[in-house]
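Here is my input; please provide its structure:
(2 chains)
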Protein chains: 2
Amino acid sequence: MRRLLRSSLPHLAAGRASYNDSSRVRRHLLSRIYQPGNLWKENSPELQAKPNDPSSKSQRLMYKAGLIRPSSPGCFHYLPHAVRSMEKLVRIIDGVMQDIGGQKIDMATLCSAALWRQSGRWDLVGKELLCLLDRHEQEYCLGPTHEESVTSLVATEGGISYKQLPLLLYQVTRKFRDEKRPCFGLLRGREFYMKDMYTFDISEEAAHQTYNHVCEAYAAIFRTLGLRHVKVQADTGNIGGKMSHEFHLPAAIGEDRLLLCRSCDFAANVETLPPDQKTCPCCNGKLEESKGIEIGHSFYLGTKYSHIFNAVCHSDHNKPLVAEMGCYGIGVSRLLAASIEVLSTEEDIHWPSLIAPYQVCLIPPKKGSKEMGAAALAEDLHDSVCAVPHLGNEVLVDDRDHLTIGKRVREAHMMGYPYVIVIGKKALERPPLFEVRNHRTGQVQFLSKEGVLGLVRDIRVI
Amino acid sequence: MRRLLRSSLPHLAAGRASYNDSSRVRRHLLSRIYQPGNLWKENSPELQAKPNDPSSKSQRLMYKAGLIRPSSPGCFHYLPHAVRSMEKLVRIIDGVMQDIGGQKIDMATLCSAALWRQSGRWDLVGKELLCLLDRHEQEYCLGPTHEESVTSLVATEGGISYKQLPLLLYQVTRKFRDEKRPCFGLLRGREFYMKDMYTFDISEEAAHQTYNHVCEAYAAIFRTLGLRHVKVQADTGNIGGKMSHEFHLPAAIGEDRLLLCRSCDFAANVETLPPDQKTCPCCNGKLEESKGIEIGHSFYLGTKYSHIFNAVCHSDHNKPLVAEMGCYGIGVSRLLAASIEVLSTEEDIHWPSLIAPYQVCLIPPKKGSKEMGAAALAEDLHDSVCAVPHLGNEVLVDDRDHLTIGKRVREAHMMGYPYVIVIGKKALERPPLFEVRNHRTGQVQFLSKEGVLGLVRDIRVI
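As a prediction, the model looks like this:
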C-alpha cells in the first residue's frame, strides 16, 4: 500500500484510506461539477456552428457534453471532464513512452527566431508560425514542434555518450500552429497538446531500429485505446528527413486521403504517390481509397538538424559522429477528439473506456418516488464501490434527484460513462437488485450488491 | 490493487506487477538518464552567469544538477529530473485544491485582445504582456493570468446555479510575462508554470469564507512541503480587487521587503504601508524587516471582473446576482526553485522530500573492487526495495560502477536524494549490512536487508 500522509495531507488520504473513515471519501457529485451541460440550452447560439464553419460529430458532442468551450478560433478551454480524460490519456502515453526508454522533458514554448532561421524553417513554415517580438524587439515563435530546440539543447551539452544511446527525449506540451482554417473543434486547432519525441542514434542502422521501436509503441498506444489505426507512408513536409509515416484513424470526416492495398500491407497517403497510380507499387494489387484523421506522425530525420546544430554522439572510441535523428508526434488533444469521432454515435459519446472521465455513473432514486425507500442502499452501494481501491476516484453520483431516473440514464449514456448503475424499482426487492448498464455493449443486467462489486472490480483504470 | 492491463499494456504493469516477473520491472539506471551533469564540465561557459546577470543558489544548483537549461532569457527547458519533481508538486497541489472542491480546467493560452481591452488590462499591464498578431491580423496576448477568460467563460454559459456555489475553478498551465529583467532562473522567468484558481460566490460574506478557505489550503500545501512561509497583506497591483495577501518564503535573495510584527501576527509587504511606518498598526509593536520570495498570491476581487463581463450567480429564487470573485495563484515552477533556494546548502540540493525526483539512490560496488563480491546482494536489495509497491518507481541506481563509491555518494548528496543506500564493505560481512544515509539529517546507519526494508517502507511518496 502506498503510504498515506494522514497528518499533513488529509486530502491525499481520500481515495486510499480505509473506508471506515467516511469523512475521508471525496464524493464526486454531478450537481457540483462545473458542467455547463446542466445549464446549457440546446440551441444556444454561441455553440451552434456558423454556416461556413465546418463542424464534426465529435465537436458537437464535446460541446453538448460540456467538455470544451471555444475561446477564439481554433482555441479551446477544457472543462473538468475533459481535463480528467486528457490526464488519463497522457498517463497512457507516458507509460508507453517510458517503457521504450523515453525520458520526459519539457521545452520552452518561446523559440528564438535565430534557431529557426538557422534551420531554414522560419521562412519555410511561414504563416503557420505564430510569431512575436518581446520588449527588447527580439523575435520568437511559439513552438509548433521542437526539432531546433532539442537538437540545440543536446549540442550545447557537448553531445551524447554512447552509453546513453539510443537517447529518446519526449514531452507533452501545448503547441501552436496558425491554421488558415481551424475547424472540427480539437481536430484542427491552433493551440493543441502534442506529445513529441526526438531520438538520437549513432548510426543509420541504429536509428532505423529506434524508428521501428517507436512506431510499434505508437501502435501499442492505439491498441490500448481500442482504436483501429492505419499506418501509411507519408510526405516529410516541412519537418524534412528521409522517411515518414502517418498514423490515421479511418473516418469519413478525415482530411487525408489514403490508399490501402487489398492484397498486401502497403498503405500510403495519396500525396506520396503519382496522381495516376491505381495499383499497389509492391504487388500490383488493387488500391482502395479511404479517409483518415491523422493522429500520429513519425519522421526519420537523418542528420538534417544534427548537422546544422552540430549534435554529435560519442562512440566508445570517443569519436564524435553526427547524430542520426528521428522525431515522432502524437496529437494528444486531437487523439481525444478523434477517438470520440470514430467511436461515438450521433447521440452518445463512446470513449476509449480507459480514458472516460469517470468509469461509473451511479443514479440514485428520484426524490419523492417509490424507489426512495432504496436511498440508503444507494449510499451503501456507492461507498462499497468507492472502497474498491482503484475505483475510489472513478465513481460519479448523479445526485440531481429532482430529475427522473430515465432522464438521468439518457444523459449518462450521452456522456459515455462505461458503466451506469441505477438504483431503481428492483432495489426494493429482497435481495435488492441493481440495474447495471454497459454503455459499450448495451447490455443491461440486474445484479445483487455482490454481483455489482464483482463486476466493477474488473474495470480497468489508468 | 489497481488492475493491471497485462495484455495490451505490459509497460503499465511494470511498477505494480508481482515482482517475481523481473522482466516487468522498469529499472532506473543513472547512466541511461539524460542528465547532462554526467558530461558537463564545471566551467562550461554557457552555464556561468554573465557579470551583469544575477544568479542565485537555486539557479546554480539547478544548472549543476542538470535540472534545467536556459533556452532564451527567462525561458528554460526542464530536464528529466525536474519534470519528475514538477509532476509530484502538481499532484500535491491538485490534491489540496480538489480537497477544497476545486475543479481542474485548462484555459487557452492565446487570449484575445478584445477581452483584455474590455477589462482595461490590455493597456494597464502593457509591456509585461507578450502580444502577437495572427495571420488574420487579430491581436492576442499570451495569458499571464486568466481573470478575463474565466469570467467570460462563466458569463457565456448564462451564470452559475446556487447549487454549484462556491464554484472553484483552477488550472496548472504555462503562463507568460515579459519581465524586464528575468533573473535567478525559475525564480523570475518569462515563461513559467502557475496554478491559478478563480472562485465565484453569491455574496461578499460567502466570498470571504471562500477566500479564507483557499488561503488555508495554501498554507497546507506549504506545510506539506515542509516550508516555513509568511502570509502578508499585499498590494492588489494590476489584478485589482479589494483585498490581497502574498505568501512568501523568507530568503535573503527575496525581492520583496516584508514587515513582520514581533508582538502580534500582523505582517505586510512594505508596499502596503506608509514609508515612515515603524510600528505595527494593530498593536503598536515593533516591526521587523525580512525579505521574501513570493510563491503565492490571493486576491479578493469583488465584482471587478464579473461586473464587466456580466458573470452572475442565480440564487435559489432564480435571482441573478453579480458574482463575488476571488483569484489565487501559486507560481509552481517558482515554488520548485524557491524551495531549493531555502532548503539547500551551497553544495547540496535539499528538496522538500516528497518532491525529490527519486526517493532512493542505490550505489552498488565499484567494478574491480573488493566489494564486487556483494554485487549480487546489490541486485537483490534493489529488487526488494522496488517490490515495496509505493517505491517501484522511486529507486535510482547509480550504475556508473567505474566511479568510486565515494564520488558517487558525493554526487548523490549534491542531487539531494532523500536516501542514499551504499552497498559497500560491510555488505561482505555476515549478515551483510548496508549503509543508509539520510540526506536531511546526515544520519548514517548500517542496516540489514530487513532493516533497510523496514526503513524504506515508511518513506512517504506522492
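
Specify the beta-bridge partners of A:Val360.
Taking DSSP bridges, one obtains A:Val395, A:Tyr419 as the residues bridged to A:Val360.

Identify the residues contacting it.
Contact analysis of A:Val360 by CB atoms under 8 Å, 6 or more residues apart in numbering or on different chains lists A:385, A:391, A:394-396, A:417-421, A:456, A:459. Backbone N, C-alpha and C define where each C-beta goes, glycine included.

Look up how far A:Gly424 lies from it.
Computed with CB to CB, to the nearest Å, the distance linking A:Val360 and A:Gly424 is 16 Å.

quick one on the thing from earlier: kindly reformat the contacts of A:Val360 as a markdown table containing neighbour count.
Below are the contacts of A:Val360 laid out as a markdown table (neighbours: other CB atoms under 10 Å in any protein chain shown):
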| residue | neighbour count |
| --- | --- |
| A:Val385 | 24 |
| A:Leu391 | 22 |
| A:Glu394 | 23 |
| A:Val395 | 24 |
| A:Leu396 | 22 |
| A:Tyr417 | 26 |
| A:Pro418 | 21 |
| A:Tyr419 | 24 |
| A:Val420 | 23 |
| A:Ile421 | 26 |
| A:Val456 | 22 |
| A:Ile459 | 19 |
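
Out of the residues you listed, which two sit at the greatest distance?
Largest separation among the contacts of A:Val360 by CB to CB: A:Leu391 and A:Val420, giving 14.4 Å.

now the host helix or strand of A:Gln171: mean pLDDT?
Secondary structure here is read from DSSP states H and E; on that basis A:Gln171 sits in strand A:167-176. Taken as a whole, strand A:167-176 has an average pLDDT of 98.

That strand packs against which elements?
Under the contact criterion of 3 or more CB pairs under 8 Å, 6 or more residues apart in numbering or on different chains; DSSP states H and E, the helices and strands touching strand A:167-176 comprise helix A:80-99, strand A:103-104, strand A:191-201, strand B:167-176.

which residues in the stretch 351-462 of chain A form strands?
A:360-363, A:395-397, A:419-422, A:434-438, A:444-447 (DSSP state E, counting those that start in this stretch).

Strands of the stretch 151-300 of chain A, residue ranges please.
Taking DSSP E, counting those that start in this stretch to define them, one finds strands in the stretch 151-300 of chain A at A:160-161, A:167-176, A:191-201, A:230-233, A:243-250, A:256-261, A:267-269, A:287-302.

Of those, which shows the lowest average pLDDT?
Among these, strand A:160-161 carries the lowest mean pLDDT, a mean of 90.

what does that strand contact?
The set of residues external to strand A:160-161 that reach it, using CB under 8 Å, 6+ apart, is A:154, A:167, A:200, A:311-314, A:323, B:38-39.

Compare these and tell me which has the most neighbours.
With neighbours taken as other CB atoms under 10 Å in any protein chain shown, the top of the contacts of strand A:160-161 is A:Ala323, carrying 31 neighbours.

Kindly list the main-chain dihedrals of that one?
Dihedral angles of A:Ala323 (phi, psi; degrees, to the nearest 10) stand at phi -70, psi 140.

Any idea what the closest residue to A:His248 other than its chain neighbours is bridged to?
Distances taken as CB to CB, 6 or more residues apart in numbering or on different chains put A:Gly292 closest to A:His248, at 2.9 Å, once the chain neighbours are dropped. Applying DSSP bridges to A:Gly292 yields these beta-bridge partners: A:Pro250, A:Asp256.

What is the neighbour count of A:Gly292?
Each residue near A:Gly292 was counted by other CB under 10 Å, and the total is 26.

my guess is it contacts A:Ala252, does it?
No - counting by CB atoms under 8 Å, A:Ala252 is not a contact partner of A:Gly292; they are 10.0 Å apart.

Overlap of the contact sets of these two?
Counting by CB under 8 Å, 6+ apart, nothing touches both A:Gly292 and A:Ala252.

By proximity to chain B, which residue of the stretch 301-450 of chain A wins?
Residue of the stretch 301-450 of chain A nearest chain B, by CB to the nearest CB: A:His390 (4.0 Å).

picking up where we left off before, with distance to A:Glu379 as new columns, can the helices and strands packed on strand A:167-176 be given to me in CSV?
Formatted as CSV, the helices and strands packed on strand A:167-176 follow (distance: least, CB to CB, whole Å):
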stretch, distance to A:Glu379
helix A:80-99, 24
strand A:103-104, 41
strand A:191-201, 38
strand B:167-176, 25
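
Give me the pLDDT for A:Pro3.
Careful, residue A:3 is Arg; it's not Pro. At A:Arg3, pLDDT is 36.

One more: A:Lys278?
87.

how near is A:Met86 to chain B?
Distance of A:Met86 to chain B, given as CB to the nearest CB, to the nearest Å: 7 Å.

no wait, A:Ala220
Between A:Ala220 and chain B the computed distance is 7 Å (CB to the nearest CB).

Would you mind listing what in the stretch 251-400 of chain A touches chain B?
Residues of the stretch 251-400 of chain A lying close to chain B by CB under 8 Å from any CB of the partner chain are A:354, A:389-390.

tell me the least confident of those?
Of all those, A:Pro389 carries the smallest pLDDT score, 90.

How many neighbouring residues does the one residue in the stretch 201-350 of chain A that gets nearest to chain B have?
The minimum distance from the stretch 201-350 of chain A to chain B, using CB to the nearest CB, falls at A:Thr224 (4.8 Å). The local packing of A:Thr224 (other CB under 10 Å) involves 23 other residues.

rewinding a little: make TSV from the contacts of A:Val360 and add distance to A:Leu447 to it.
Shown next, in TSV, are the contacts of A:Val360 (distance: CB to CB, whole Å):
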residue	distance to A:Leu447
A:Val385	12
A:Leu391	16
A:Glu394	18
A:Val395	16
A:Leu396	19
A:Tyr417	17
A:Pro418	16
A:Tyr419	11
A:Val420	13
A:Ile421	9
A:Val456	10
A:Ile459	14
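
How much space separates the residue nearest to A:Val90 when sequence neighbours are not counted from A:Tyr300?
Computed as CB to CB, 6+ apart, the closest residue to A:Val90 that is not its neighbour in sequence is A:Val172, at 5.4 Å. Summarising the geometry, the distance separating A:Val172 from A:Tyr300, computed by CB to CB, is 22 Å.

Count residues in the vicinity of the closest residue to chain B within the stretch 151-300 of chain A, would you?
Relative to chain B, the nearest point of the stretch 151-300 of chain A is A:Glu157 (4.2 Å; CB to the nearest CB). Here the count is done by other CB under 10 Å, and A:Glu157 has 23 residues near it.

Please tell me the pLDDT value assigned to it.
The predicted local distance difference test score for A:Glu157 is 84.

do the same with A:Phe222
You'll see A:Phe222 listed with a pLDDT of 98.

Determine how far the last residue of stretch A:106-117 lies from the first.
Start-to-end span of stretch A:106-117 (CA to CA, to the nearest Å) is 22 Å.

Oh, that last question was meant for stretch A:325-340, not what I typed.
Chord length of stretch A:325-340, first to last residue, is 33 Å (CA to CA).

average pLDDT across it?
What stretch A:325-340 shows for mean pLDDT is 98.

Any idea how far it is from the middle of the chain?
Taking the mean C-alpha point of stretch A:325-340 and that of its whole chain, the gap between them comes to 7 Å (CA atoms, centre = their mean, to the nearest Å).

now swap in stretch A:369-387 and tell me
Its chain's C-alpha centre and that of stretch A:369-387 lie 34 Å apart, by CA atoms, centre = their mean.
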